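In: predicted model and sequence follow; I will ask about them next.
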Amino acid sequence: MTKLKDSIIEWTLTALLITGVALTSFNIYPMNLWVCLAGNIGWIYLAWCWRKWSLFVVQLIITIIYILGISKVYL
């Protein structure tokens, strides 16, 4: 990826996660889970591309937690 494309994706995903946190603070549930899940999946992709394994592991664990929360809502 180019540096500009990386930067656009990085800031878009950051905005998505901030939106998810805002939804959580206003107790807009379960939309907050979906928005944060999308942001975290994007960060997993970026961490993989950048070969930043600590970031990859953290985002993977957070994503698993969101998936468990979503499954609790719908199962």
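Out: Received it, and whenever you're ready, just let me know what you need.
In: where does pLDDT dip in this structure?
Out: Of all residues in the chain, those with pLDDT under 70 make up the ranges 1.
In: what are the ranges of the strands in it?
Out: Assigned by DSSP state E, the chain shows no strands.
In: what ranges do the helices span in this protein?
Out: 3-25, 31-50, 53-74 (DSSP state H).
In: in JSON lines: the ones you listed, plus mean neighbour count.
Out: Heads up, the C-betas are built off the backbone N, CA and C, glycines and all. Listed next are the helices of the chain as JSON lines, based on neighbours: other C-beta atoms under 10 Å:
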{"stretch": "helix 3-25", "mean neighbour count": "14"}
{"stretch": "helix 31-50", "mean neighbour count": "18"}
{"stretch": "helix 53-74", "mean neighbour count": "14"}
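In: quick check: residue 60 touching residue 45?
Out: No: judged on C-beta atoms under 8 Å, residue 60 makes no contact with residue 45 at a distance of 11.1 Å.
In: can you tell me which residue is nearest the centre of the protein?
Out: The chain has residue 40 as the residue nearest its centroid, 1.7 Å off, counting by C-alpha atoms, centre = their mean.
In: wait, that residue touches residue 65, no?
Out: No: applying C-beta under 8 Å, one finds residue 40 not in contact with residue 65, separated by 9.1 Å.
In: thinking again about what came up before, now do the contacts for the residue nearest to the centre of the chain.
Out: 17, 59, 62-63, 66 (C-beta atoms under 8 Å, 6 or more residues apart in numbering).
In: just residue 12 next, same as before
Out: By C-beta under 8 Å, 6+ apart, residue 12 lies in contact with residue 42.
In: how near is it to residue 27?
Out: 25 Å (C-beta to C-beta, to the nearest Å).
In: what of residue 9?
Out: Separation of residue 9 from residue 27 (C-beta to C-beta) stands at 29 Å.
In: one more: residue 59?
Out: Using C-beta to C-beta, residue 59 is found at 24 Å from residue 27.
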